[in-house]
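Colleague: have a look; sequence and predicted model below, questions after that.
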Amino acid sequence: MTPHKLAAKIRNLRETVPITAEFERILTRRGTWNRSHVWYTSQKQHWLGWLSEYDGPGYYGRKNSHRSAEFVYNHINCPPMVLWLVEASGVPRAKVAKAKQAALLARPHLPEQSAAIRKSIPWEMIEVRLDKRGKNDKEIEHT
């Protein structure tokens, strides 16, 4: 899947999801993450903004813009952003809660918390759910 296709799938996902919202509140209380200093109003918007710049250097001056959606997922260092995609894509609630807990038990550094989520929920699990959602959406349109 390309980052462009991932963005198209994200556009059809919910803006907010409960486990990620709770996770953001916990990280804010702990002082390891602060939403008041960011340009986006939701993790969905964060993803779409991030992916909109992926065909060029973007904000961070990336040198290679020819990456897969899997690469993007595996290199995001914002734990709420990673968890939002996990939850919004339809990963079972118990697995999302386990991934959240793994992040909360990791050292309080954003890259390590993001990695803990990805260790619990690899890209393949998300890609399957996103693909199923797309097929279900097409089936609904044709009925």
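Modeller: Now that the structure is in, tell me what you want to look at. Numbers count the residues shown, from 1 in each chain.

Colleague: flag the shaky bits of the chain, pLDDT-wise.
Modeller: For the chain, the stretches with pLDDT under 70 are 54-65, 134-143.

Colleague: swap in 50 and give it another go.
Modeller: When the per-residue scores of the chain are filtered using pLDDT under 50, the ranges that remain are 137-143.

Colleague: show me where it has strands.
Modeller: Assigned by DSSP state E, the strands in the chain number zero.

Colleague: sketch out the helices for it, chain order is fine.
Modeller: Secondary structure of the chain, counting by DSSP state H: helices at 3-10, 18-30, 43-52, 69-75, 79-88, 93-105, 110-120, 123-142.

Colleague: most tightly surrounded among those helices?
Modeller: helix 79-88 (a mean of 26; mean count of other CB atoms under 10 Å). For glycine as for every other residue, the C-beta is placed from the backbone atoms N, C-alpha and C.

Colleague: one step back: quick one: closest of the helices of the chain to residue 37.
Modeller: helix 18-30 (11.1 Å; CB to CB).

Colleague: which ones are touching the spatially closest residue to residue 90 that is not a sequence neighbour?
Modeller: Nearest residue to residue 90, sequence neighbours excluded (CB to CB, 6 or more residues apart in numbering): residue 129, at 4.3 Å. Contact analysis of residue 129 by CB atoms under 8 Å, 6 or more residues apart in numbering lists 89-91.

Colleague: please consider this matter closed, and thank you.
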